[in-house]
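Chemist: One predicted model, sequence on top.
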Amino acid sequence: IGTMIDGDYDFLIKLLALGDSGVGKTTFLYRYTDNKFNPKFITTVGIDFREKRVVYNSAGPNGTTGKTFKVHLQLWDTAGQERFRSLTTAFFRDAMGFLLMFDLTSQQSFLNVRNWMSKAQERTFLENKLILVCPSPSFLESIRMLHPKKHLHFKEKYVVPYFETSAATGHNVEKAVITLLDLIMKRMEQCVDKTPVSDAANGGNSKLDPEKTEEKKCAC
Ligand SMILES: Nc1nc2c(ncn2[C@@H]2O[C@H](COP(=O)(O)OP(=O)(O)OP(=O)(O)O)[C@@H](O)[C@H]2O)c(=O)[nH]1
């Protein structure tokens, strides 16, 4: 039964959390998947992952609701510690989107966002990936004023959506993940729309194979 349930989804989406050690990556993902808060700090050794199923409604024409897809979210949790760096960065390539995190109470972790961005860039074609920046745990007005538009700008090239989240209260946690998922799904739909083999040509089978979608190596 387990295997049957395991395969029962339309899309497999891989997201990866990155950022300094202690910024709250594990705690954020735990809040998202289990809706619980863990106040203890147990540093991640190497890499870990959590999973969650969500239902995604694509937008149809003129604001109508389009198709509904079952999405299997694989959330990779990387160790922030330097000693695991070569192991964790090897996983960057397969991620479809990144949750880049810093701690609003740690200026150093904010300054390091830029370094994490470069590391992700070295190991992926960043243009094809989506990044969200989520600080935790709570709010500091001084940092918030740095980017009032809720976007961070990197090298004038990348503008990344920005969310202030709290794993303790759950504030914005789901919203951040769903926003990233939404951006990825929209891009995938664009890719599928551009491919010559349409659903109709596929015998009317509207079930999209995530592996095949990936194989198409669409440049969008
Ligand atoms: N109050 C509060 N504490 C948080 C929040 N997020 C994380 N923490 C705490 O910060 C500590 C570190 O959190 P982790 O999630 O283990 O940090 P990490 O980024 O996964 O660390 P590494 O695995 O070493 O990379 C824990 O004690 C958490 O309880 C938050 O949103 N609010």
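Modeler: Structure's in. What do you need? Residues are numbered from 1 along each chain as shown.

Chemist: pLDDT on stretch 106-119, on average?
Modeler: Averaging pLDDT along stretch 106-119 gives 86.

Chemist: the bottom helix or strand of this structure by mean pLDDT?
Modeler: Using mean pLDDT, DSSP states H and E, helix 141-144 stands out as the lowest-scoring helix or strand of the chain, at a mean of 39.

Chemist: Flag every buried residue along the longest helix seen in the chain.
Modeler: Counting residues, the longest helix found in the chain (DSSP state H) is helix 173-194. Neighbour-count burial for helix 173-194 flags 173, 176-177, 179-181, 183-185, 187-189, 191-192 (criterion: 16 or more other CB atoms under 10 Å). (Glycine included, C-beta is placed from N, CA and C.)

Chemist: Show me what it packs onto, helices and strands only.
Modeler: Helix 173-194 sits against strand 11-18, helix 25-34, strand 47-59, strand 65-78, strand 97-103, strand 130-136, strand 158-161, helix 210-215, with contacts defined as 3 or more CB pairs under 8 Å, 6 or more residues apart in numbering; DSSP states H and E.

Chemist: Give me the mean pLDDT for it.
Modeler: Across helix 173-194, pLDDT averages out at 82.

Chemist: So Lys25 versus Val55, what's the distance?
Modeler: Taking CB to CB, to the nearest Å as the measure, Lys25 falls 25 Å from Val55.

Chemist: the more surrounded of the two?
Modeler: Neighbour tally, Lys25 and Val55, criterion other CB atoms under 10 Å: the higher count belongs to Lys25, 28 against 9.
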